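[1] Quick one, structure for this:
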Amino acid sequence: MLIFKATNTLDGYLPPLDYTEDKAQAEVMVVGGKKIVLDEFPKLRGIFKTGVGTDNLPFAEAAERGVEIALPSEATCDVIYEETAAFTCHLILTGLYAGTGDWDRWLKVDRPQLASRRLLVVGAGRIGRRVSDKMAAFMSVDTFDTAHDAADAFEAKVRAADGVSLHVPLTDDTRELFNAERLAWLRDGAVLVNTARGPVIDEDALYAELGAGRLRAAIDVFWQEPYRGKLTELPADRFIRTPHIASTCREFVAGTARDFLAFMTTLERR
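    Residues are numbered from 1 along each chain as shown. The predicted structure is shown next:
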């Protein structure tokens with residue numbers, strides 16, 4: 001079967017296969033976070049997603065067309081959840097410790113003890129819960145999830161936090177969840193961490209807050225990827241950025257490659 005590759009995630013982890021750049025001829029698509037327009041793929045039989053986020057997958061339209069959608073196996077997803085949570089903890093700590101010293105001037109900046117600081121984890125799914133558990137070893141952790149908390153509790157929790165870590169899917173309700181008004185709730189010097197989806201933060205509002213020097217952000221997911229937008233103008237210790245790599249460890253990619261090959265075998269037998 002001819003494969004259309006919309007992501008390079010599995011490069012180097014697959015045996016030689018038959019690829020095409022002609023969307024009209026593709027029978028299988030392997031995709032990351034890019035939007036899919038099924039009308040461009042009239043011969044498509046299957047879509048394989050290389051991650052756990054499903055907001056870009058056209059489930060209803062694919063079902064109508066008889067196109068099967070496959071996700072990584074449960075074992076591979078467990079690697080994704082665990083590694084994303086661990087990487088998020090790295091970003092949280094990096095953001096909280098940013099600006100605490102200056103090498104050139106050998107300057108020590110006054111700072112509070114980490115154990116006295118407060119983290120808010122927004123979204124108590126499989127990654128958010130792991131981030132909460134891991135970070136509780138270092139600092140006070142609070143959570144907010146619309147499934148468990150009253151909506152009017154959100155503002156007070158954000159205002160009380162030194163750091164906010166986002167773990168929500170991208171939906172109509174979460175798009176620009178942190179707009180100008182909610183970014184203003186964050187206390188001076190707070191850090192906002194996002195390893196979920198870029199558009200849950202208003203890009204222009206975040207640029208204004210970081211540019212004013214009031215907040216820091218540690219971001220792994222963006223509004224467009226690769227991201228070349230206005231926030232790259234900001235200092236690296238104010239806008240801490242990584243290229244959507246929170247889950248991308250060797251074990252995740254190898255497991256996803258095995259899952260994709262199994263999906264191909266399943267399609268070929270039908």
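[2] so where do the strands sit in the stretch 51-200 of the chain?
    Assigned by DSSP state E, counting those that start in this stretch, the strands in the stretch 51-200 of the chain fall at 68-70, 101-102, 107-108, 118-122, 140-144, 163-166, 191-194.
[3] What pairs with the second one, parallel or antiparallel?
    Read that as strand 101-102. strand 107-108 (antiparallel) (DSSP bridges).
[4] so where does Pro11 fall, helix or strand?
    Careful, residue 11 is Asp; it's not Pro. In this structure, Asp11 sits in neither a helix nor a strand according to DSSP states H and E.
[5] What count of nearby residues applies to it?
    For Asp11, the neighbour count with other C-beta atoms under 10 Å is 10. C-beta coordinates here come from the backbone N, C-alpha and C atoms, glycine included.
[6] got it, and the one 3 residues further on?
    Using other C-beta under 10 Å, Leu14 is surrounded by 18 other residues.
[7] Next: Gly125.
    If we define neighbours as other C-beta under 10 Å, then Gly125 has 15 of them.
[8] List the residues that contact it.
    Contacts for Gly125 (C-beta atoms under 8 Å, 6 or more residues apart in numbering) come out as 145, 167-168.
[9] Swap in 10 Å and give it another go.
    Residues near Gly125 by C-beta atoms under 10 Å, 6 or more residues apart in numbering: 52, 81, 145, 147, 167-169, 196.
[10] Which ones among the residues you listed map onto helices?
    Among the contacts of Gly125, the members falling in helices (DSSP state H) are Tyr81.
[11] Now which of the contacts of Gly125 would you call buried?
    52, 81, 167-168, 196 (16 or more other C-beta atoms under 10 Å).
[12] Now flag whichever of those is closest to Phe154.
    Val168 (11.8 Å; C-beta to C-beta).
[13] The closest one and Thr143 touch, don't they?
    No. Checked against C-beta atoms under 10 Å, the pair Val168 and Thr143 is beyond contact range at 11.8 Å.
[14] Where in this structure is the helix or strand with the lowest mean pLDDT?
    In the chain, no helix or strand scores lower on mean pLDDT, DSSP states H and E than strand 101-102, which sits at a mean of 94.
[15] Please state the offset of it from the chain centre?
    Relative to the chain's own centre, strand 101-102 is displaced by 29 Å; criterion: C-alpha atoms, centre = their mean, to the nearest Å.
[16] Also stretch 214-222?
    Centre-to-centre, stretch 214-222 and its host chain are 12 Å apart (C-alpha atoms, centre = their mean).
[17] averaged over its residues, what pLDDT does that stretch have?
    Average pLDDT, stretch 214-222: 98.
[18] Surely Tyr13 and Ala257 touch.
    Yes. With contact taken as C-beta under 10 Å, Tyr13 and Ala257 are classed as touching, separated by 3.8 Å.
[19] The two - which one has more neighbours?
    Ala257 (21 against 15).
[20] Just to be sure, the more buried one is in a helix?
    Yes. Counting by DSSP: H, G, I helix; E, B strand; the rest coil, Ala257 is part of a helix.
[21] That one against Ser73, yeah?
    No. Assessed by C-beta under 10 Å, Ala257 is found out of contact with Ser73, at 11.4 Å.
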